[in-house]
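Novice: pasted the sequence and its predicted model underneath.
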Amino acid sequence: SLEKPVEKFKDLLSIPDRTKCGMPPCSNMAEREKQFCKVHPSRKRCTREGCKSKAGPRGTLYCSRHGGGKRCQIEGCTKLAKGITDFCMAHGGGKR
């Protein structure tokens, strides 16, 4: 009978369960063997105690709220630089 061979390979054919994306409140399914969905790439979390946001790009330890990310280059401005520019929106950065 075919029942026994099918039982033998049942474990090989089963697809592992995927979990939900680790970025709250996202309800998308995480990519296989990853913690996040396609929308939320697997960047590390902000290291500030109690913060659940993603850390900034290029290896920063904090999210933009806690000092991660590139800042506007105008003296005294503490806003985030936008896009590939070195300035915030108020000082000419980002798309126009």
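Specialist: All right, it came through fine.

Novice: make it CA atoms for all contacts and neighbour counts henceforth
Specialist: Will do.

Novice: now do the helices in this protein.
Specialist: For the chain, the helices defined by DSSP state H occupy 3-13.

Novice: so where's this structure uncertain?
Specialist: Per-residue confidence for the chain (pLDDT under 70) gives these ranges: 1-18, 42-43, 96.

Novice: so who does the closest residue to residue 80 other than its chain neighbours touch?
Specialist: In space, and not counting its chain neighbours, residue 80 is closest to residue 71: 4.4 Å by C-alpha to C-alpha, 6 or more residues apart in numbering. Residues counted as contacts of residue 71 (C-alpha atoms under 8 Å, 6 or more residues apart in numbering) are 78, 79, 80, 81, 86, 87, 88.

Novice: and the third one, how far is that from residue 61?
Specialist: To tie it back to what came earlier, the one meant is residue 80. Note on residue 80: its distance to residue 61, by C-alpha to C-alpha, to the nearest Å, is 16 Å.

Novice: again with the last one
Specialist: Residue 88 is 21 Å from residue 61, where distance means C-alpha to C-alpha.

Novice: with the second one instead?
Specialist: The gap separating residue 79 from residue 61 is 18 Å, by C-alpha to C-alpha.

Novice: straight-line length of stretch 71-80, end to end?
Specialist: The separation between the terminal residues of stretch 71-80, taken as C-alpha to C-alpha, is 4 Å.

Novice: likewise for stretch 61-81?
Specialist: Criterion C-alpha to C-alpha; first-to-last residue distance in stretch 61-81 is 17 Å.

Novice: over to stretch 20-38?
Specialist: The first and last residues of stretch 20-38 sit 11 Å apart, counting by C-alpha to C-alpha.

Novice: okay then, goodbye and thanks.
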